[in-house]
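K.L.:
what's the 3D shape of this:
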Amino acid sequence: MFILHITFSLGLIAFALGVALYVWGLRTQGAGTSTATVCGLFVAIFAMISILCTFYCALIYWDGYLQGNMVSSNHHNMPMKKVMQEHMQQQKK
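P.N.:
Coordinates of the predicted model:
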């Protein structure tokens, strides 16, 4: 969950910088302001999408892994395909 906090913080920083660049581009006259406006808008939009995806993945992680619905942790040295096959067999029983 610590990585969630880091990712969320970086997303907020990127969003704030994108909005700041967008507002600066709107309020300033001169060369490069239209590029700054477009770049700021893209950064803000992609940062918001990234924040939403982070929360979605965190909810999936919380619901599955931390609540015990995922494969048990004693399979850490096995290939993932074999782990998933064993998990599917256990669910069928």
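K.L.:
quick check, pLDDT for residue 70.
P.N.:
Residue 70 carries a pLDDT value of 51.
K.L.:
cool, and residue 43?
P.N.:
Residue 43 is given a pLDDT of 94.
K.L.:
tell me which element it is part of?
P.N.:
Using DSSP states H and E, residue 43 sits in helix 33-61.
K.L.:
repeat that for residue 17.
P.N.:
Going by DSSP H and E, residue 17 is in helix 2-27.
K.L.:
got the angle for that helix vs helix 33-61?
P.N.:
Interaxial angle, helix 2-27 versus helix 33-61 (axes from the mean of the first three to the mean of the last three C-alpha atoms, to 10 degrees): 160 degrees.
K.L.:
name the helices or strands packed onto helix 2-27?
P.N.:
helix 33-61 (3 or more C-beta pairs under 8 Å, 6 or more residues apart in numbering; DSSP states H and E). Where C-beta positions appear, they are placed from N, C-alpha and C, glycine not excepted.
K.L.:
for the helix or strand that the helix it packs on is followed by, packing partners?
P.N.:
Sequence-wise, the next helix or strand downstream of helix 33-61 (DSSP H and E) is helix 80-92. Using 3+ C-beta pairs under 8 Å, 6+ apart, no helix or strand is in contact with helix 80-92.
K.L.:
now residue 28. Its backbone dihedrals?
P.N.:
phi -110, psi 140 (degrees, to the nearest 10).
K.L.:
how far away is the closest residue to it other than its chain neighbours from residue 48?
P.N.:
Spatial nearest neighbour of residue 28, chain neighbours left out: residue 36 (7.7 Å); criterion: C-beta to C-beta, 6 or more residues apart in numbering. With the distance defined as C-beta to C-beta, to the nearest Å, residue 36 ends up 18 Å from residue 48.
K.L.:
now swap in residue 35 and tell me
P.N.:
Residue 35 is 21 Å from residue 48, by C-beta to C-beta.
K.L.:
most centrally placed residue in the protein?
P.N.:
Of all residues in the chain, the one closest to the mean position by C-alpha atoms, centre = their mean is residue 54, 2.9 Å from it.
K.L.:
give me the low-pLDDT residue ranges for this structure?
P.N.:
1, 63-81, 83, 93 (pLDDT under 70).
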